[in-house]
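1. return a 3D structure for these sequence lines:
(one chain, ligands or ions: 1)
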Amino acid sequence: MALEIKSLKQNELKRSVAEATLEHIEHKLNKDTVLGIGTGSTVNFFIESLIHVRHKFDCAVSSSKASTLLLEAGGIKVIDLNAAPEIALYVDGADEASLEKQLIKGGGGALTQEKIVAQASEEFVCMIDQSKLVTTLGAFPLPVEVIPAARSLVGRGLKELNATPIWRESFITDNNNLIIDAHDLVITDGKKLESIINDIPGVVCNGLFSLRPADTLLVSTVEGIDTY
Ligand code: 5RP
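-> Down below sits the predicted model:
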């Protein structure tokens with residue numbers, strides 16, 4: 001019961017930060033704007049609101065099959081990243097964020113597309129509820145997308161970095177790969193760790209967003225929205 005109330009409260013905070021994010025970006029939209037759209041339950045709330053202003057921008061580039069379905073169901077045109085001239089804004093949630101706006105993402109397994117679209121965007125606006133704001137990243141297990149044949153090799157590589165790797169069994173990414181969640185990391189140098197993990201053969205991408213952090217972070221608290 002207590003857990004149910006907690007998750008209801010968290011959903012309210014997710015919805016309020018999603019609505020605040022739309023307010024934050026709405027004045028930047030014009031008929032040529034291509035919007036990058038992330039993945040997850042906070043993004044789902046954002047899409048719900050975005051549908052009401054679909055006439056104010058051109059189209060979206062999506063980071064997952066799930067978000068594409070929701071966008072198209074709401075009448076928003078979705079184009080392929082390769083066909084997009086310029087993405088003005090990327091909007092996404094996160095699993096953890098630091099005040100430096102470095103993130104852990106990939107709880108929903110869409111980290112690779114999310115990182116690609118974030119990198120391709122001029123501005124990255126991240127929206128979280130207060131439970132995800134941390135001083136040191138790593139309490140949330142770091143998702144790593146892995147080519148199936150390299151699962152054991154990557155697991156051993158992560159152990160050498162003092163992580164406890166746990167294979168997310170029965171989960172296949174949109175790219176037909178696997179996810180290993182790296183538990184027990186204390187991330188003091190996110191940029192270095194992001195590169196080191198990317199260098200393990202078989203790793204497609206990891207969920208650290210340190211090299212390309214968010215530009216703006218909106219955090220919903222019970223008192224209101226904080227913007228960093
Ligand atoms: C998906 C993600 C999500 O942004 C992250 O998991 C947060 O999700 P939610 O908004 O449902 O809490 O990185 O790959």
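2. now for the nearest residue to Thr227 once chain neighbours are set aside: which residues touch it?
-> Counting by C-beta to C-beta, 6 or more residues apart in numbering, Thr227 lies nearest to Leu218, which is 5.5 Å off, once chain neighbours are set aside. Every C-beta, even on glycine, is put in place using the N, C-alpha and C of the backbone. Under the criterion of C-beta atoms under 8 Å, 6 or more residues apart in numbering, the contact partners of Leu218 comprise 17, 20-21, 24, 125-128, 225-228.
3. which element, helix or strand, includes Gly157?
-> Assigned by DSSP states H and E, Gly157 belongs to helix 151-160.
4. can you list the helices and strands that that helix packs against?
-> strand 142-146, strand 164-167, strand 178-183 (3 or more C-beta pairs under 8 Å, 6 or more residues apart in numbering; DSSP states H and E).
5. alpha carbons only: can I get it in CSV?
-> Included here for helix 151-160 are C-alpha records, laid out as CSV according to Å, rounded to 0.1, in the frame of the first residue of the first chain:
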residue,chain,number,x,y,z
ARG,A,151,27.6,-10.9,-23.1
SER,A,152,30.2,-12.9,-21.0
LEU,A,153,33.2,-10.9,-22.2
VAL,A,154,31.5,-7.6,-21.4
GLY,A,155,30.4,-9.0,-18.0
ARG,A,156,34.0,-9.8,-17.2
GLY,A,157,35.1,-6.3,-18.4
LEU,A,158,32.5,-4.7,-16.1
LYS,A,159,33.7,-6.8,-13.1
GLU,A,160,37.2,-5.5,-13.7
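6. which residues sit against that helix?
-> When contacts are defined by C-beta under 8 Å, 6+ apart, helix 151-160 is touched by residues 144, 146, 165, 167, 178, 180, 182, 197, 200-203.
7. from the residues you listed, list just the buried residues.
-> For the contacts of helix 151-160, a neighbour count by 16 or more other C-beta atoms under 10 Å gives the buried set as 144, 146, 165, 178, 180, 182, 197, 200, 202-203.
8. pick the one among those closest to Ala97.
-> Checking these against Ala97 with C-beta to C-beta, the nearest one is Ala182 at 17.7 Å.
9. if I look at Ser16, how far off is His55?
-> Between Ser16 and His55 the distance is 24 Å, computed by C-beta to C-beta, to the nearest Å.
10. who has more neighbours out of those two?
-> When Ser16 is set against His55 and neighbours are counted by other C-beta atoms under 10 Å, the residue ahead is Ser16, at 19 against 8.
11. the more buried one: what's it in contact with?
-> By C-beta under 8 Å, 6+ apart, the residues touching Ser16 are 220, 225.
12. look up the pLDDT of it for me, please.
-> What the model reports as pLDDT for Ser16 is 97.
13. dump the helices and strands packed on helix 151-160 into a markdown table; add distance to the ligand and mean pLDDT as well.
-> Rendered in a markdown table, the data for the helices and strands packed on helix 151-160 read as follows (distance: least, C-beta to the nearest ligand atom, whole Å; pLDDT from 0 to 100):
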| stretch | distance to the ligand | mean pLDDT |
| --- | --- | --- |
| strand 142-146 | 7 | 98 |
| strand 164-167 | 16 | 98 |
| strand 178-183 | 10 | 98 |
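14. only alpha carbons, please: show the lengthiest strand in the chain as PDB.
-> The strand of greatest length in the chain, counted in residues with DSSP state E as the criterion, is given as strand 121-129. What follows is strand 121-129 as a C-alpha-only set of coordinates in PDB (Å, rounded to 0.1, in the frame of the first residue of the first chain):
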ATOM      1  CA  SER A 121      20.300  17.800 -31.000                       C
ATOM      2  CA  GLU A 122      21.300  21.400 -30.400                       C
ATOM      3  CA  GLU A 123      19.700  21.400 -26.900                       C
ATOM      4  CA  PHE A 124      18.900  18.600 -24.500                       C
ATOM      5  CA  VAL A 125      16.200  19.300 -22.000                       C
ATOM      6  CA  CYS A 126      16.000  16.600 -19.300                       C
ATOM      7  CA  MET A 127      13.000  16.200 -16.900                       C
ATOM      8  CA  ILE A 128      13.100  14.200 -13.700                       C
ATOM      9  CA  ASP A 129      11.300  14.000 -10.400                       C
END
